[in-house]
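> Below is the sequence, then the predicted model.
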Amino acid sequence: MADGTQPPGDDPVGPAPAVRPFLVTAGRVAPSASGRTMPVETQVVATASGLDALSLLSFEQHDIVAACRQPQSIAEIAARLRLHLNVVRVLAEDLRAEGRLTVHVPNSDAVHDSSVLRRVIDGLRAIPDSRGVLRDTD
Amino acid sequence: MACAPSPTPGGYSVTPTEPAAAVRPPLPVKMVIAGGFGVGKTTAVGSISEIEPLTTEAAITEVAAGVDDLTHTPRKTTTTVAMDFGCITIDPTLKLYLFGTPGQERFGFMWDDIVEGAVGGLVIVDTRRLDDCYAAVDYFEHREIPFAVAVNAFDGKVEHELDDVRWALDVSAGVPVVVFDARERGSVRDALLVVLEQALARTEA
C-alpha cells in the first residue's frame, strides 16, 4: 500500500459478474426521464404497490424493490446487490416510472442550508470517541 | 398531477408517481473523503460509520493532458474506481453519508458523479506521499467546495510540520490543515467537524 500499489486482496467488489452489467438495462446508461443524474446519496423507497408486486418482478428489479423496504441510497443498493451504480440509476428510474419505488433526489439548497449543517454538526459532536469521551463543546 | 418536481418540506424534489410513500427517507447530506491509495480513507470511514464500509464502483472521468490534441479539447476517458462509503444517522430525518474516493496522480480528473451536491470534502494526506493528494486539493479548490486537509498520523507521528505540509500543498490560508488519526473515531469526528464548520461559515458569509 505504502508504495502506491493496491494491496492484494483489496478488491471487495469481487470478480466481475458473468452477466455484462448493462445487459439488464438493455444497454441504457443513464436515467431517461429526469434528465439529471441521480446523486449517489439519492434515497429510494419501495411503494406499497411495489412490495405487493414483488412476486411479479424478476431479478434485479425484484432485488431492488425488496431492498428498499427501508429507505436506501442508490450507492447502498449498488453495493449490497453488487450492481453498477449506473445500472441501479437506470433500473430505479424504470421502477419509479412504474410506481414501484419513490425516488427522492436531495434538494441541493436544503442540504446546504445552514440549519441543516448545524444539525449535522450537533449530531456529530454527540458521537463519543473510541474511549467514550465526548468532544469538548468549547 | 403536475409532472414537475416540487420542493417539499423534507428538502426533496419528489417526482410524483403516486401518493406519498409510506416511509419518508432522511435527507442525505454527503461529504467526500479524498486521498491516494492506502492513505486511510476506508479506515477513516470505518472508524465512524454506523455500518461496515460498503464498496461500489463509480465512474470517474479522467482528463488527459492534451499536448498533442489539435482541438484543444481535453481527451476524456472514463475509468471505473472502487468507492467506499459509510453513513451516520443524525436523526430520523437526517443522515450523513461519507464517500471515499481515490485520487489520481497522473491525470486531472472529474469526480462530478460522486461529488455533485457534497457539502464538503476532507483530503487525507500521507506526508510521505504528498503528490497523491494534489489532484483532490485542486479539484475542491476549483469547484469551490469547502474542504480541509487532514494529515493522517500513521503510528502516532507526523514526519513533517503542518506548516511545511501547507506550504508544499500550496493551499490557501483559509483551508484548515489538521493532524488526525484515521483509526480513532473521535479524531475522525473532529476532522469532519472542521470541514462542516467551513461549510457553515460559507453559508453565513
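Done, it's in. Bear in mind that the values here come from a model prediction, so they are computed numbers and not experimental data.
> which residue sits closest to A:Pro106 in space, ignoring its chain neighbours?
Excluding the flanking residues, the one nearest A:Pro106 by C-beta to C-beta, 6 or more residues apart in numbering or on different chains is B:Pro28, at 5.4 Å. C-beta here means a position set from N, CA and C on the backbone, and glycine is covered the same way.
> which regions of chain A lie under the pLDDT threshold?
Applying pLDDT under 70 to chain A picks out residues A:1-22, A:26-27, A:29-36, A:131-138.
> Please, where are all the helices along it?
Using DSSP state H, the helices found in chain A span residues A:48-52, A:59-67, A:74-81, A:85-97, A:108-111, A:114-125.
> Next, the angle from the longest one to helix A:59-67.
Put plainly, it is helix A:85-97. Here helix A:85-97 runs at an angle of 70 degrees relative to helix A:59-67 (axes from the mean of the first three to the mean of the last three C-alpha atoms, to 10 degrees).
> coming back round to it: for the residue nearest to A:Pro106, pull up the helix or strand it's in.
strand B:27-35 (DSSP states H and E).
> could you point out the longest strand in the chain?
Reading this off chain A. strand A:101-106 (DSSP state E).
> was after chain B, sorry
Chain B, longest strand under DSSP E: strand B:75-91.
> and B:Leu96, what is it in contact with?
B:Leu96 sits next to A:120, A:123-124, B:28-31, B:87-90 when contact means C-beta atoms under 8 Å, 6 or more residues apart in numbering or on different chains.
> Name the member of those residues with the most neighbours.
B:Val29 (30 neighbours; other C-beta atoms under 10 Å in any protein chain shown).
> Might one say that it is in contact with A:Arg118?
No. With contacts counted by C-beta atoms under 8 Å, B:Val29 stays clear of A:Arg118, the gap being 11.5 Å.
> Mind pulling the model confidence for the nearest residue to A:Gln43 once chain neighbours are set aside?
Of all residues not flanking A:Gln43 in the chain, B:Pro25 sits nearest, at 3.5 Å (C-beta to C-beta, 6+ apart). B:Pro25 carries a pLDDT value of 95.
> Quick one: low-confidence residue ranges for chain B.
By pLDDT under 70, the low-scoring segments of chain B are B:1-10, B:12-22, B:59-79, B:103-110, B:155-157, B:159.
> Could you point out the longest helix of it?
From DSSP H, the single longest helix across chain B is helix B:185-204.
> Report the angle between that helix and strand B:27-35.
110 degrees.
> List the buried residues in helix B:185-204.
B:185-200, B:202 (16 or more other C-beta atoms under 10 Å in any protein chain shown).
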